[in-house]
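Visitor: Return atomic coordinates for the entry below.
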Amino acid sequence: MSIQLAISGGSPVLQPGDVTPWPYITEEDKKAVLAVLEHGNMAEQRTEQAEKLKAEWAAYVGVKHCIPVCSGTAALHLCVAGLGLEPGDEVIVPAFTYWASAAAVLHHNCIPVFVDIDPVTYTIDPGLIEEAITPRTRAIMPVHIHGMSADMGPILEIAARHGLGVIEDGAQAQGATYKGQKVGSLGDCAGFSLQMSKNLTSGSEGGLFVCKDDTVQKRAALLEYLGEVVVPGRERQTQKYNAYGLGWAYRPDTLGEAMTRSRLRHLDQDNAGRIRNCEFLNDRFAEIKGVEPPATVEDRQPVYYCYVLGLKPSKLGLQIDATVFRDKFMEALQAEGVPCGMWQRLPVPAQEIFQTRVGYGKGCPWSCKYGREVDYRGQETPRTGEFIASHVYLTQVAPPNDTDVMAKYVDAVAKVLNHADELI
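Guide: Numbering: from 1, shown residues only. You can find the predicted model right below:
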């Protein structure tokens, strides 16, 4: 291993081809998609793939109902609609998430109210939820972020005490568990993403809505197909072309459904590989000064959508702004060939749409007659800000990459930290 940093002209630790990008495509995946194309009747395949995926994902999660859709955001929107929320109703959302969680609330003309995170698990802090509840609150949306389950026990207790619905955002946590129970089966309904980077993927885009209750499912199903009632496979025979509600064109792609069904067959195996790789990283990074591995929580099994690495420049004797060090560290690590980055650089309430409350124009839904004048400009979510400033996400921790590849990740991090003074 070169002593000189790659960013300064040295040889990188990882060479091109050392890391296999996700998702890796198996022969079974190719055959599943090809079978749809060779069938000869795409209309029949649309129905068959959708109905089989519904049954298979519902059985995997442990719920009664599933509706495949075109994105994870669409799946979360169906959760909001399925619970019967109305314009101006409020949904409590963590400040640390991809903003699609809050967008799904806004898409239904409802209002997100943000709560800070537990700094250990980087999921919503149940201890801060009740102070955010108002007479307009209708639901809580815990987000299982980076493959780590939120602390669902106290969240469900709070929801029951206040008569609130619980929407699980499982976009990054397919297969994760809380006290042995799969995420998505704990609340009233849940949305999952099938975007190409996710643990379970269509290879492109897609999403899965799940719920237990028949009424929630019927509301969601109605609005998933432009407000019309349809019988799968018999649209032309039974469809009345009469919209019973304001719906959306959220139907998924048939080839993506076939790919998803194939990927689902080895989801547990893939997740086991992620866990093995990341537990290896946990052990190795615990021995390196200047970084901190993610916490392990006894009652939760994360599935490591990516690996969240904490940075501790003070442990290296460096007095430097956390964000500055994060960016310099990340740039140097990327030069060493480690795939890493940031996908959120601001708490969600600090993003422009909430600071200006542009919404649908003229400040709606906040300033519309059914809304409440929620002002995000003065809202403080310090833990979220501190977390973002001091963490980097290592990606491509899934199979077929193995612990030999992860060992090179460790070597690269150690190399950069050994030259940390050069970064500043």
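Visitor: shaky segments in the stretch 251-400 of the chain?
Guide: 371 (pLDDT under 70).
Visitor: What residues sit buried inside stretch 211-226?
Guide: Using 16 or more other C-beta atoms under 10 Å as the test for burial, stretch 211-226 gives 211-212, 216-217, 219-226. Using the backbone N, CA and C atoms, a C-beta is placed for each residue, glycine as well.
Visitor: all strands of the stretch 1-150 of the chain, in order?
Guide: Assigned by DSSP state E, counting those that start in this stretch, the strands in the stretch 1-150 of the chain fall at 65-69, 90-94, 111-115, 137-140.
Visitor: Residue 147: which of these is closest?
Guide: Across the strands of the stretch 1-150 of the chain, residue 147 has its closest neighbour in strand 90-94 (15.0 Å, C-beta to C-beta).
Visitor: Provide the contact partners of stretch 307-318 at residue level.
Guide: Stretch 307-318 is contacted by residues 122, 146, 278, 281, 285, 289-294, 319-320, 322, 325-326, 329, 340, 390-395, 397, 413, 417, 420-421, 424 when judged by C-beta atoms under 8 Å, 6 or more residues apart in numbering.
Visitor: can you give me the helices for the stretch 251-400 of the chain?
Guide: Ranges of helices in the stretch 251-400 of the chain, per DSSP state H, counting those that start in this stretch, are 254-264, 267-285, 322-335, 352-356, 382-389.
Visitor: want to throw those into JSON lines with mean neighbour count and distance to residue 14?
Guide: Supplementary listing: the helices of the stretch 251-400 of the chain in JSON lines, determined by neighbours: other C-beta atoms under 10 Å; distance: least, C-beta to C-beta, whole Å:
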{"stretch": "helix 254-264", "mean neighbour count": "22", "distance to residue 14": "26"}
{"stretch": "helix 267-285", "mean neighbour count": "18", "distance to residue 14": "14"}
{"stretch": "helix 322-335", "mean neighbour count": "19", "distance to residue 14": "10"}
{"stretch": "helix 352-356", "mean neighbour count": "15", "distance to residue 14": "36"}
{"stretch": "helix 382-389", "mean neighbour count": "18", "distance to residue 14": "26"}
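Visitor: looking at those helices, which is closest to residue 406?
Guide: Residue 406 lies closest to helix 267-285 among those, at 5.0 Å (C-beta to C-beta).
Visitor: now for the closest one, which elements pack on it?
Guide: Applying 3 or more C-beta pairs under 8 Å, 6 or more residues apart in numbering; DSSP states H and E, we find helix 267-285 packed against strand 307-311, helix 403-418.
Visitor: any idea of the mean pLDDT in the helix or strand that the last one is followed by?
Guide: What that stands for is helix 403-418. Using DSSP states H and E, the helix or strand that follows helix 403-418 towards the C-terminus is helix 420-423. Averaging pLDDT along helix 420-423 yields 90.
Visitor: Identify all contacting residues around helix 420-423.
Guide: Residues outside helix 420-423 that contact it (C-beta under 8 Å, 6+ apart) are 5, 8, 290, 313, 316, 318, 325, 328-329, 332, 416.
Visitor: In it, which of the residues would be classed as buried?
Guide: 420, 423.
Visitor: same thing with stretch 153-170?
Guide: Of the residues in stretch 153-170, those buried (16+ other C-beta under 10 Å) are 155-156, 158-159, 164-170.
Visitor: Quick one: end-to-end length of it, please.
Guide: 16 Å (C-alpha to C-alpha, to the nearest Å).
Visitor: Then stretch 132-151?
Guide: 17 Å.
Visitor: Figure out how far that stretch is from the centre of its chain.
Guide: The chain centre lies 13 Å from the centre of stretch 132-151; the measure is C-alpha atoms, centre = their mean, to the nearest Å.
Visitor: Ok, stretch 192-205 next?
Guide: Relative to the centre of its chain, stretch 192-205 is centred 10 Å away, using C-alpha atoms, centre = their mean.
Visitor: what's in contact with that stretch?
Guide: 22-23, 25, 29, 57, 70-73, 75, 147, 170-175, 184, 206-208, 210, 252-253, 256-257, 259-260, 263-264, 267, 270-271, 274, 303, 305, 395, 398.
Visitor: Pull out the buried residues from the residues you listed.
Guide: 22-23, 29, 57, 70-73, 75, 147, 170-175, 184, 206-208, 210, 252-253, 256-257, 259-260, 263-264, 267, 270-271, 274, 303, 305, 395, 398.
Visitor: what separates residue 14 from residue 331, distance-wise?
Guide: 15 Å (C-beta to C-beta, to the nearest Å).
Visitor: How about residue 30?
Guide: Using C-beta to C-beta, residue 30 is found at 37 Å from residue 331.
Visitor: swap in residue 92?
Guide: Distance of residue 92 to residue 331, computed by C-beta to C-beta: 36 Å.
Visitor: Who are the contact partners of residue 83?
Guide: So residue 83 contacts 138-139, 165, 167, 188-189, 216, 219 (C-beta under 8 Å, 6+ apart).
Visitor: repeat for residue 91
Guide: Going by C-beta under 8 Å, 6+ apart, residue 91 touches 80, 85, 105, 110-113, 137-141, 167.
Visitor: Look up the residues forming beta bridges with it.
Guide: Residue 91 has these beta-bridge partners by DSSP bridges: residue 112, residue 139.
Visitor: Setting the sequence-adjacent residues aside, check what's closest to the residue in the chain sticking out farthest from the centre.
Guide: Distance from the centre of the chain peaks at residue 237, with 38.3 Å (C-alpha atoms, centre = their mean). Using C-beta to C-beta, 6 or more residues apart in numbering and skipping residues adjacent in sequence, the residue nearest residue 237 is residue 231, 7.7 Å away.
Visitor: roughly how far apart are that neighbour and residue 221?
Guide: For residue 231 relative to residue 221 (C-beta to C-beta), the value is 11 Å.
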